[in-house]
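K.L.:
Fold the following and give me the result.
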Amino acid sequence: MEDLASLIATDQIVVEITIRLGSTRLTIAELSQLKPDDVLTLDQQISDGVEICVGEKVIARGELTTDQDDGDRLCVRILGAVANK
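P.N.:
The predicted structure follows:
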């Protein structure tokens, strides 16, 4: 029997990766009153880094950085995988 990896063209499978910075909760009234220059405080510290997700599953942790070639691009440096539970 052939190895499963040889049967699936993994280079053709595309997944969307989402970076989560944190979250906050607002009432609808608070949300409707937001205006330019308002600041939302998230539930994470800057030192907590970001979560790297596929779907809703967190697969790794990372930290925000900039592109070394183009300082205007926001990037994420991988710090490590998250253990599966």
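K.L.:
who are the neighbours in contact with the residue nearest to the spatial centre of the chain?
P.N.:
Centroid-nearest residue in the chain, with C-alpha atoms, centre = their mean: residue 19, separated by 1.1 Å. By C-beta atoms under 8 Å, 6 or more residues apart in numbering, the contact list for residue 19 reads 50, 51, 52, 53, 62, 76. Backbone N, C-alpha and C define where each C-beta goes, glycine included.
K.L.:
repeat that with 10 Å
P.N.:
Shown in contact with residue 19 (C-beta atoms under 10 Å, 6 or more residues apart in numbering): 49, 50, 51, 52, 53, 62, 64, 74, 75, 76.
K.L.:
element containing it, please.
P.N.:
Residue 19 is part of strand 17-20, with elements assigned from DSSP states H and E.
K.L.:
And the helices in the chain?
P.N.:
Remark: helices assigned in the chain by DSSP state H are 4-7, 28-32.
K.L.:
Output the ones you listed as a markdown table; include the columns distance to residue 68.
P.N.:
A markdown table is the format used below for these (distance: least, C-beta to C-beta, whole Å):
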| stretch | distance to residue 68 |
| --- | --- |
| helix 4-7 | 33 |
| helix 28-32 | 37 |
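K.L.:
Residue 38: which of these is closest?
P.N.:
Evaluated over the helices of the chain, closeness to residue 38 peaks at helix 28-32, with 9.8 Å, by C-beta to C-beta.
K.L.:
And the average pLDDT for that closest one is what?
P.N.:
Averaging pLDDT along helix 28-32 gives 97.
K.L.:
which residues are in contact with it?
P.N.:
With C-beta under 10 Å, 6+ apart, helix 28-32 has contacts from 24, 25, 26, 38, 40.
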